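Student: Okay, sequence plus prediction incoming.
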Amino acid sequence: MPLTPMGDDADRIGINPVFVGEDQRGSVPRNQLADGGLDPEVAYQLVHDELMLDGNARLNLATFVTTWMEPAAQRLMAECADKNMIDKDEYPQTAALEARCVNILARLWHAPGADPDDAEAATGCSTTGSSEAAMLAGLALLRRWRARRRAAGLPTDRPNIVMGVNVQVCWEKFARYWDVEPRLVPMDGDTFHLTAEGAVARCDENTIGVVAILGSTFDGSYEPVAEICAALDDLHDRSGVDVPVHVDGASGAMIAPFVDPDLAWDFQLPRVASINTSGHKYGLVYPGVGWIVWRDAASLPEELVFKVNYLGGEMPTFALNFSRPGAQVVAQYYQFVRLGFDGYRRVQQYARDVAVRLASRIAELGPFTLLTDGSELPVFAFRIADGVDDLTVFDVSAALRQRGWQVPAYTFPADREDLAVLRIVVRNGFGHDLADLLVEDLVRVLPSAVLSTTPADEGFHH
Ligand SMILES: Cc1ncc(COP(=O)(O)O)c(C=O)c1O
C-alpha cells in the first residue's frame, strides 16, 4: 500500500515511514475512527509529534495554573492515574488524604472548630478547580438564603449575588446556570475591583451573598475583604439585612496565609461563610484540583449532600461531578507534606519577590505604567504610558510571542473598557533569571525611541 505523504490529505495524519512496513497503512484518518489500530509506540509518536506545536508551558505567563512540579510528585501522580476520587470505598486512603487536605486548609484559613485530631471536623471537599468550587459555594448561599426567606414567609423568586465586574467568568456562569441576578459592581476610575461601598450599595434582602476576590484575575490585586465584611456588619445593624461573604481565593487563599499573615481575610472574619481555592494554582499541583471549605457544617445545607451506596459503604458526596481523578488530590497532599508551612512560605515569597522586581524593571523601561506591582498576588498588570504613541499592548504581546513568551493583552470590563493592559503571572518555576531574559526580549521588541534606557544600560545584577 503506498504511503500517503504527510500533508497531502487534510483529513488524514501521515505516519513516519520508519514505523510503516510494506503492508501497513501510512496514514490514519484525523476525524473518525480507523478500521484498525496502531502499535503503541507508533500511536505514541503520532500524538506526541502533533503536540510539539503546543506552547512551552513554562513560558506561559498568562496562566495561573501550575506548570512545573518536581519529579517525585510526577511519579506519584503517574502511580495514581488509575484512581477515581469518587470510589471512596475502594480507595479509602485516597479518600483519607482528601479529608486531611480539607482539614489542613480549614486550619490554615482559621475555620472555627477545625480540629487536627478529627478528620471529620472540617466541612469541605476537593473539586475539579475553583469553578466547580464556586458553583458549590454559590449553591450553598442560594439554599441558605431561600431557607431563611421561607422560614420568614417571604418570597424567594428574585435572588441576587453581588460581586465586582472583575469576577472570573465562573461566577457569571453560576448566576446564569441557577437564575440568580448578578449585580456586578463596575470599575471606577483607578479602582479596578470591588470596594466596600460598591458592594453594600447593591445589597438588599434578596442578596444571597457577596463574592470578594483574593485577588483579582485582572490585575492580581486583593479585594478588601475585611472592609467589605465591616460594611456588611454595619448594613446588618442599620437595616437587618444580613449578607454572608464568600471569598474566592482561587489564587490568594494559597498566598496570603503564608506571606501576609497579618491580613484579615479568612474565617477569622465571622461574616465569611466559605472559601475556595485552586489547588492547581498556588496550591502548586498540576491542573485538575480545587477546594471548597465552609466555615462549619451549618454553612452547608444538608440537602446538598447526597448519600450514595452503590460503590460499597454509604458515602456522602457534594461535588458536581461524580468520577474525578484521584492523582491531583494525592499530589496536593504530597505538596503539603513535602513543603510544610515554611516551604510554602518560601515558594510564595520567592514568587512575590520575582514579580515585584520584574514589575519594577518593566516600569523603569519607560513606555509602560504599572497598574499593580506584584506585591499582592505575584501578578501584575501594566499599560502603555501616557504620551507613548504608535505602541499598543497587543503589538507588544504579539512581538513577545515570537520568542515563545505568552503575555496576554486584554481590555478591562465596564466602566474601564478604554483600558488595555498586559498581565504577567509569576509562578513557581519562573525565577529571576527567566524574568531577566523576558526583560531583555521586551527591550528587543520595543522601538528604541520609546525606551528611557538604552539596551546597553539595562544590565541588571542580582
Ligand atoms: C479569581 C478566580 N476565580 C476562579 C477562577 C477559576 O478557577 P479554575 O480555573 O480553577 O476553575 C480563576 C481562574 O483564573 C480565578 O482567577
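Tutor: Received the coordinates, thanks.
Student: Where do the domain boundaries of this structure fall?
Tutor: Using automatic domain parsing, the domain ranges for the chain come out as 12-41, 71-336, 349-458.
Student: Quick one: end-to-end distance for the longest one.
Tutor: Translated: domain 71-336. 16 Å (C-alpha to C-alpha, to the nearest Å).
Student: export the domains of the chain to CSV and tack on distance to residue 54 and mean neighbour count?
Tutor: Heads up, the C-betas are built off the backbone N, CA and C, glycines and all. Listed next are the domains of the chain as CSV, based on distance: least, C-beta to C-beta, whole Å; neighbours: other C-beta atoms under 10 Å:
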stretch, distance to residue 54, mean neighbour count
domain 12-41, 16, 13
domain 71-336, 14, 20
domain 349-458, 11, 18
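Student: any idea how far residue 202 is from residue 146?
Tutor: 20 Å (C-beta to C-beta, to the nearest Å).
Student: What of residue 222?
Tutor: From residue 222 to residue 146 the distance is 31 Å (C-beta to C-beta).
Student: ok, now residue 364?
Tutor: Computed with C-beta to C-beta, the distance linking residue 364 and residue 146 is 54 Å.
Student: Tell me where the stretch 1-150 of the chain has helices.
Tutor: Assigned by DSSP state H, counting those that start in this stretch, the helices in the stretch 1-150 of the chain fall at 40-51, 71-79, 92-108, 130-151.
Student: and those helices as a markdown table, adding distance to the ligand and mean pLDDT?
Tutor: As requested, the helices of the stretch 1-150 of the chain are arranged in a markdown table below (distance: least, C-beta to the nearest ligand atom, whole Å; pLDDT from 0 to 100):
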| stretch | distance to the ligand | mean pLDDT |
| --- | --- | --- |
| helix 40-51 | 21 | 93 |
| helix 71-79 | 17 | 97 |
| helix 92-108 | 15 | 94 |
| helix 130-151 | 3 | 97 |
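Student: Make a markdown table from these and add distance to residue 283 to it.
Tutor: As requested, these are exported to a markdown table (distance: least, C-beta to C-beta, whole Å):
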| stretch | distance to residue 283 |
| --- | --- |
| helix 40-51 | 25 |
| helix 71-79 | 12 |
| helix 92-108 | 9 |
| helix 130-151 | 10 |
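Student: Name the residues of this structure found near the ligand, please.
Tutor: 64, 129-131, 168, 170, 213, 217, 248, 250-251, 278, 290 (C-beta under 6 Å from any ligand atom).
Student: where's the residue in the chain that the ligand sits nearest to relative to residue 331, distance?
Tutor: Residue nearest to the ligand within the chain: residue 129 (2.8 Å; C-beta to the nearest ligand atom). Per C-beta to C-beta, residue 129 is found 14 Å from residue 331.
Student: any common contacting residues for these two?
Tutor: Common neighbours of residue 129 and residue 331, counting by C-beta atoms under 8 Å, 6 or more residues apart in numbering, are residue 289.
Student: picking up where we left off before, the residues of the chain next to the ligand in strands, which ones?
Tutor: 213, 248, 278, 290 (DSSP state E).
Student: and of those, the nearest to residue 37?
Tutor: residue 290 (35.7 Å; C-beta to C-beta).
Student: lowest-pLDDT helix or strand in the chain?
Tutor: strand 315-317 (a mean of 69; mean pLDDT, DSSP states H and E).
Student: can you tell me the average pLDDT over the next helix or strand after it?
Tutor: Where DSSP states H and E defines the elements, the next helix or strand beyond strand 315-317 is helix 327-365. Averaged over helix 327-365, pLDDT sits at 98.
Student: same for helix 327-365, what does it pack against?
Tutor: In terms of contacts (3 or more C-beta pairs under 8 Å, 6 or more residues apart in numbering; DSSP states H and E), helix 327-365 is packed against helix 71-79, helix 92-108, strand 123-127, helix 256-259, strand 368-370, strand 379-384, strand 420-425, helix 432-445.
Student: and of these, who's closest to residue 299?
Tutor: Among these, if distance is taken as C-beta to C-beta, the winner is strand 123-127, at 7.0 Å.
Student: Let me know the angle separating the closest one from helix 327-365.
Tutor: 80 degrees (axes from the mean of the first three to the mean of the last three C-alpha atoms, to 10 degrees).
Student: Give me the contact list for strand 123-127.
Tutor: So strand 123-127 is in contact with 85, 98, 101-102, 105-106, 133, 136, 276, 279, 289-297, 299-300, 318-320, 324, 328-329, 332, going by C-beta under 8 Å, 6+ apart.
Student: for the closest residue to residue 248 other than its chain neighbours, what are its contacts?
Tutor: The shortest distance from residue 248 to any non-neighbouring residue, by C-beta to C-beta, 6 or more residues apart in numbering, is to residue 213 (4.6 Å). Residue 213 is in contact with 163-164, 166-168, 193-194, 222-223, 247-250, 252, counting by C-beta under 8 Å, 6+ apart.
Student: Residue 213 and residue 351, how far apart?
Tutor: Applying C-beta to C-beta to residue 213 and residue 351 gives a distance of 18 Å.
Student: What of residue 378?
Tutor: For residue 378, the distance to residue 351 equals 4 Å [C-beta to C-beta].
Student: Common neighbours of those two, please.
Tutor: Taking C-beta under 8 Å, 6+ apart as the criterion, residue 378 and residue 351 both touch 426, 427.
Student: follow-up on the earlier one: so which of the helices of the stretch 1-150 of the chain is nearest residue 178?
Tutor: Across these, closest to residue 178 is helix 130-151 (C-beta to C-beta), at 6.2 Å.
Student: After the closest one, which helix or strand is next?
Tutor: Assigned by DSSP H and E, the successor of helix 130-151 is strand 160-164.
Student: So what touches that following strand?
Tutor: Defining contact as C-beta under 8 Å, 6+ apart, one finds that strand 160-164 is touched by 138, 141, 171, 174-175, 180-185, 187, 193-194, 198-199, 202-204, 206-213, 216, 223, 243.
Student: Could you do stretch 262-270 as well?
Tutor: Stretch 262-270 has contacts (C-beta under 8 Å, 6+ apart) with 106, 109-112, 212, 214, 222, 225-226, 229, 245, 247, 249, 252-253, 256-257, 272, 275, 295.
Student: Using PDB, write out every CA atom in it.
Tutor: Extracted C-alpha coordinates of stretch 262-270, given in PDB (Å, rounded to 0.1, in the frame of the first residue of the first chain):
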ATOM      1  CA  ASP A 262      -1.500  39.900  59.300                       C
ATOM      2  CA  LEU A 263      -4.100  40.400  56.600                       C
ATOM      3  CA  ALA A 264      -7.600  39.600  57.900                       C
ATOM      4  CA  TRP A 265      -9.500  37.900  55.000                       C
ATOM      5  CA  ASP A 266     -10.500  34.400  56.100                       C
ATOM      6  CA  PHE A 267     -12.800  32.700  58.600                       C
ATOM      7  CA  GLN A 268     -11.400  35.000  61.300                       C
ATOM      8  CA  LEU A 269     -14.000  37.400  59.900                       C
ATOM      9  CA  PRO A 270     -17.300  36.000  61.200                       C
END
